[in-house]
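> got a sequence here, can you model it:
(one chain, ligands or ions: 1)
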Amino acid sequence: MKFMRFLLISFLVLCLLCITAILLLPRIQERNFLPLQSKTLARYAKSLATKFVQSDGSSQGYMKKALPSSDPTFESSTDLSRKWEPESDDGEFINLFRDATEQGNGEDKKEIEEEKQNSEASTEAGVLSYDEMKCQPHNKIAFLKTHKTGSSTLTNILNRYADLNELIIALPRQSLYRFGWPGYFSWRSVDLLRLNGQPASILCNHARYRRQEMDIIMHNDTKYITILRDPVYQFESTFHYMELYRYFNLANSLNPMEGFLSKPREHLLKLRRTSRSLPDSIHLVRNGMFFDLGLSPALQEDEEGIWKAIKRLESEFSLVLIMEYFDESLVLLKREFCWDLDDVIYVKQNERKSGENSFNNISSPQLKDRIREWNNADLLLYEHFNKTFWSKIKQHGQEFYNDLAELKRKNEEIKRDCVSPEEVTEIAFRLTGQIRAFKLNKRVSSFNRYLCQKILTNEINYINYFRSKLHPNSEYQNQLRAAGKAPPLTKSWESVIAKRIRTRRAQIYGQIRQPQFFPLRAQIPQQVVSR
Ligand SMILES: Nc1ncnc2c1ncn2[C@@H]1O[C@H](COP(=O)(O)OS(=O)(=O)O)[C@@H](OP(=O)(O)O)[C@H]1O
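Residues are numbered from 1 along each chain as shown. Coordinates of the predicted model:
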């Protein structure tokens, strides 16, 4: 009898424990996905709840109406707390938004006050640096997106920054995803309709560098940035990802890259003789990064010309990042442009599936040397900017490394929360190779869900999303305008942009003739194969 009573009591205690566990589990899980306690993320989270509250008090997102339901960023919303007001600090052009701090509502002011207190408290604890409190974020950036250098990850960061800060972004025209590449950049390759007569604040899709043309559509005080990678690995990644070996009939070779590099000029000459139409990617077969940065293939063997080009780039670019030190690069960007650390958190994009990467394809030190020899201009370029990169970092002192550690921590956290543990691969855009893809974690915390969706949006989907968002007649833009938070519809955007182009051209070119638009059809330039 006593034993029976003991059993009954144990059973009841067990039931009680189970019920308590069931009730507490969701809270424990939520707490394990440590929300990133910072001003930017707090802003994102808040925006979810409040930004799209319409005048009738309902919280139906404008984006939901403006975007197709297949859009991965469907639930996103953007900051409506800023009002549009014309300014005249950019020639005849006007800035879209005034600083929220100047005219924020009571809620904003409270938030700003809280942020101020937080930064003061953190500074006392030595977390925030002096310059962070002083400087103004720089938000006019042209990113020259080089190939196979981690550039898609950086493009995601810039897309996100433009999106969340309501900046105007330059998009490739029509249904294209590059600015006329492999032709030189031209303002004609930009979707002018979606600029609605404004200069662009951000540009971050593939383009071939031509500064004067970029200046035509960008703000006057735009900063130019780019990223480089060790040419050995950049070449390997390009050669395999772009499947260049197929054009040299090396698909069945044991080591296609070795096959190509044993007699590269012969391979290219043969290709030129036998092929009438060539893929655009053939332009990346030698010194691909410098090709993106505008170097004429005629200069590939001319060391003096290469050095001149390097020096010119050094004077024109504010930052040259290095892929091998991706986190260091982002901390540098964050500090030089006065961004928040949360602006540069990321999940790696465009990574080839394991087994298809460099380490399997570069078989010997001799092969590495051959790649370096073939990509002579890229090697000089990379080595030069690797040096300037580290001398820039030196100027930042110990605080740089505090930021670096913090960024790494945040990245791990956000990856754990955003990315589903399920392994996903997808086919590379218009190619057959496989790359790692990511699925949104079904159990993502509600706090981070919005940011996670943005982080996992790839380049193509982001362009499509911006096409909907920035269309001047979209419901989203109409709503913004109705609320006085976007500039009026430009009656004739052609004439506005034409006026700007005339002014800028006159400033930039003076008497120099406007360069011809490079034809889109790929042709192997004679110089690529000449000795
Ligand atoms: N954060 C970070 N750190 C280090 N490496 C990174 C990072 N992000 C992308 N990657 C690697 O960059 C390669 C893809 O480059 P891109 O995005 O520029 O490719 S593309 O030109 O846009 O197709 C691709 O290299 P491979 O895997 O060798 O092909 C990616 O793995």
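> average model confidence for the helix or strand hosting residue 214?
Taking DSSP states H and E as the criterion, the element that holds residue 214 is helix 211-217. Average pLDDT, helix 211-217: 91.
> which strands and helices sit next to it?
helix 493-509 (3 or more Cβ pairs under 8 Å, 6 or more residues apart in numbering; DSSP states H and E). For the C-beta atoms, the positions are set from N, CA and C on the backbone; glycine is no exception.
> right, and the helix or strand after the biggest strand by length in the chain?
In the chain, taking DSSP state E as the definition, the longest strand is strand 223-228. From strand 223-228 onward toward the C-terminus, using DSSP H and E, the following helix or strand is helix 231-241.
> ok and that next one relative to strand 223-228, angle-wise?
Angle of helix 231-241 versus strand 223-228, following axes from the mean of the first three to the mean of the last three Cα atoms, to 10 degrees, is 80 degrees.
> so which elements touch helix 231-241?
Using 3+ Cβ pairs under 8 Å, 6+ apart, the elements in contact with helix 231-241 are helix 256-262, helix 288-292, helix 358-361, helix 365-374, helix 376-394.
> show me what from this protein comes close to the ligand.
147-153, 237, 241, 323, 326, 348-352, 357-358 (Cβ under 6 Å from any ligand atom).
> show the buried residues in these.
For the residues of the chain next to the ligand, a burial check counting by 16 or more other Cβ atoms under 10 Å picks out 147-153, 237, 241, 323, 326, 349-352, 357.
> which of those fall in helices?
Counting by DSSP state H, the part of those found in helices is 151, 152, 153, 237, 241, 326.
> grab the nearest non-local neighbour of the fourth one.
In this case it means residue 237. Spatially, and ignoring its direct neighbours in sequence, residue 237 is nearest to residue 148 (4.0 Å; Cβ to Cβ, 6 or more residues apart in numbering).
> buried deepest among the helices and strands packed on helix 231-241, which one?
helix 288-292 (a mean of 26; mean count of other Cβ atoms under 10 Å).
> packing partners of that helix?
If you count contacts as 3+ Cβ pairs under 8 Å, 6+ apart, helix 288-292 packs onto helix 231-241, helix 376-394.
> try 10 Å
Helix 288-292 sits against strand 223-228, helix 231-241, helix 303-316, helix 376-394, with contacts defined as 3 or more Cβ pairs under 10 Å, 6 or more residues apart in numbering; DSSP states H and E.
> mind exporting the last one as PDB, just the C-alpha atoms?
Just to be clear, that refers to helix 376-394. The C-alpha coordinates for helix 376-394 follow below in PDB (Å, rounded to 0.1, in the frame of the first residue of the first chain):
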ATOM      1  CA  ASN A 376      51.000  39.300 -63.600                       C
ATOM      2  CA  ALA A 377      49.000  42.600 -63.400                       C
ATOM      3  CA  ASP A 378      46.500  41.200 -60.800                       C
ATOM      4  CA  LEU A 379      49.500  40.000 -58.700                       C
ATOM      5  CA  LEU A 380      51.000  43.500 -58.600                       C
ATOM      6  CA  LEU A 381      47.600  45.000 -57.900                       C
ATOM      7  CA  TYR A 382      46.900  42.600 -55.100                       C
ATOM      8  CA  GLU A 383      50.300  42.900 -53.500                       C
ATOM      9  CA  HIS A 384      50.200  46.700 -53.600                       C
ATOM     10  CA  PHE A 385      46.700  47.000 -52.000                       C
ATOM     11  CA  ASN A 386      47.400  44.300 -49.500                       C
ATOM     12  CA  LYS A 387      50.100  46.600 -48.100                       C
ATOM     13  CA  THR A 388      48.000  49.800 -48.100                       C
ATOM     14  CA  PHE A 389      45.200  47.700 -46.400                       C
ATOM     15  CA  TRP A 390      47.400  46.900 -43.400                       C
ATOM     16  CA  SER A 391      48.900  50.300 -43.100                       C
ATOM     17  CA  LYS A 392      45.300  51.700 -42.900                       C
ATOM     18  CA  ILE A 393      44.400  49.200 -40.200                       C
ATOM     19  CA  LYS A 394      47.500  50.200 -38.200                       C
END
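> quick one: mean pLDDT for the next helix or strand after that helix?
Next helix or strand after helix 376-394 toward the C-terminus (DSSP H and E): helix 398-418. Average pLDDT, helix 398-418: 96.
> can you give me the strands in the chain?
For the chain, strands defined by DSSP E occupy the ranges 141-144, 202-203, 223-228, 319-322, 424-427, 434-437.
> rank the ones you listed by pLDDT, which is bottom?
strand 424-427 (a mean of 72).
> where does the stretch 51-200 of the chain dip in pLDDT?
Counting by pLDDT under 70, the stretch 51-200 of the chain contains low-confidence ranges at 51-134.
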